[in-house]
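**Q** 3D model of this:
(4 chains)
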2 protein chains.
Amino acid sequence: MTIAMRTKSRQAAPSLSKQRLRLWIRILRAARAIEAEVRERLRVEFGVTLPQFDVMAALERKPDGMTMTELSRFLMVSNGNVTGIIDRLVSDRLVVRQAPADDRRAINVRLTPRGLKEFTTMAKAHQGWVDGLLSDFDAAEADTLIRHLDGLSGRIRNGGSRA
Amino acid sequence: MTIAMRTKSRQAAPSLSKQRLRLWIRILRAARAIEAEVRERLRVEFGVTLPQFDVMAALERKPDGMTMTELSRFLMVSNGNVTGIIDRLVSDRLVVRQAPADDRRAINVRLTPRGLKEFTTMAKAHQGWVDGLLSDFDAAEADTLIRHLDGLSGRIRNGGSRA
DNA sequence: GAAAAATGCTTTAAACTTAAAAATTCTAAG
DNA sequence: CTTAGAATTTTTAAGTTTAAAGCATTTTTC
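**A** Model (predicted):
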């Protein structure tokens, strides 16, 4: 029996490359399923879109607000994208734009008191939904998965191919 | 020491609910990072969008083609969404629409020979990219993760809250 | 300090996305 | 057969998304 034959017979188990591709597809499908569910519930129960919720969640962590660029980097969406979402949140009086004193190019964005109040309500419900959707994962499994996924996103956009 | 006090002191480790929320955020961020990278490379190297690639990948598995509804269910995107993507693929001559004989409501969509050829090239490159992006995961870890994520998406949109 | 480069944001054009409504065709109940 | 309901697709309106271009401002360089 040659090495080639043994290698071939082992191909019954998929190659590592194929297995990683399969992993990526599972990650993508899980993310889409959860996103669709959360989007629907946010819309029905709170009349807010998922991107708007994401922006508010980012702003809630920073009581002093964030600039547009900080927001777009944190949410991993393009620069101009944030402009439109903020426009709508501003016209709904959930967010305000403020010009910082030290840099006239930048715009600081923060939740209004009303925005914070609404977000707090939504965030509580949101956590419950996710808890239900991921109820198959116990604490140990969640920990393991988090460790595996942690840093992945950071590594990709930074050190990935350039390192 | 009361039960309340013991419960409180244990809160140094985050609650399972919070841990699941954190897991969801990691999944989402990983998915977005990989998507952004793949989208960019598809655009630069092949001049195709990610949704177009996804549709072609779905069609490649079915030599006899798929209906619009089958496509939208498989890709977990809305019905009308597929129409636009197919429109553009048809005008690029990568896909054809064919009316099936037995049901005049439906439309069968399949790759053209050229579409299949282009997809084969792209798919090879795509697998390599994903292999690189997920190079931190060895076979065992990929297996574990796949098992954990498997069925999650199916369970959510079907038996999730209704069961 | 003036020119050049970089940064921060918005605008634009094209594509994607969803939910809902409309149009067409099929299925089934009577 | 007729008709009510279901299924399949497209269309529509609003919002999201990206990449690229444009503007204003700041920083760097000489």
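**Q** which parts of chain A sit against DNA strand D?
**A** Within chain A, the positions adjacent to DNA strand D are A:49-52, A:76-81, A:84-85, A:88, A:103-105 by CB under 7 Å from any atom of the strand. C-beta here means a position set from N, CA and C on the backbone, and glycine is covered the same way.
**Q** and with 10 Å instead?
**A** A:35, A:39, A:48-55, A:72, A:75-89, A:91-92, A:99-106 (CB under 10 Å from any atom of the strand).
**Q** Could you check which helix or strand contains A:L28?
**A** According to DSSP states H and E, A:L28 maps onto helix A:16-46.
**Q** So for that helix, mean pLDDT?
**A** In this model, helix A:16-46 has an average pLDDT of 93.
**Q** May I see the buried residues of the helix or strand just after it?
**A** Of the helices and strands lying after helix A:16-46 in sequence (DSSP H and E), the nearest is helix A:50-60. If you call a residue buried by 16 or more other CB atoms under 10 Å in any protein chain shown, then helix A:50-60 has these buried ones: A:P51, A:Q52, A:F53, A:D54, A:V55, A:M56, A:A57, A:A58, A:L59.
**Q** gap between helix A:50-60 and the chain center?
**A** In terms of CA atoms, centre = their mean, to the nearest Å, the centre of helix A:50-60 is found 10 Å from the chain centre.
**Q** who touches the helix or strand encompassing A:D143?
**A** Secondary structure assignment for A:D143, by DSSP H and E: helix A:139-149. By CB atoms under 8 Å, 6 or more residues apart in numbering or on different chains, the residues outside helix A:139-149 that reach it are A:134, A:137, B:16, B:19-20, B:22-23, B:26-27, B:29-30, B:136-137, B:141, B:144-145, B:148.
**Q** from the chain's centre, how far out does that helix sit?
**A** Taking the mean of its C-alpha atoms, helix A:139-149 sits 17 Å from the chain's own mean (CA atoms, centre = their mean).
**Q** Tell me where chain A is predicted with low confidence.
**A** A:1-12, A:151, A:153-155, A:157-163 (pLDDT under 70).
**Q** For burial, what's the neighbour tally of the closest residue to DNA strand C within chain A?
**A** Minimum separation of chain A from DNA strand C (CB to the nearest atom of the strand) falls at A:G80, amounting to 2.3 Å. Residue neighbour count, defined by other CB atoms under 10 Å in any protein chain shown, stands at 9 for A:G80.
**Q** quick revisit: for the helix holding A:L28, which positions count as buried?
**A** Within helix A:16-46, judged by 16+ other CB under 10 Å, the buried ones are A:19-24, A:26-38, A:41-42, A:46.
**Q** And the residue of chain A closest to DNA strand C, how far from A:L71?
**A** Per CB to CB, to the nearest Å, A:G80 is found 12 Å from A:L71.
**Q** Which neighbouring residues are in contact with the residue at minimal distance from the centre of chain A, exactly?
**A** The centre of chain A sits closest to A:L75, judged by CA atoms, centre = their mean, with a distance of 6.3 Å. Contact criterion CB under 8 Å, 6+ apart gives A:D54, A:V55, A:A58, A:V82 as the residues in contact with A:L75.
**Q** For the residue nearest to the third one when sequence neighbours are not counted, pull up the helix or strand it's in.
**A** Of all residues not flanking A:A58 in the chain, A:F74 sits nearest, at 5.3 Å (CB to CB, 6 or more residues apart in numbering or on different chains). A:F74 belongs to helix A:68-75 when elements are defined using DSSP H and E.
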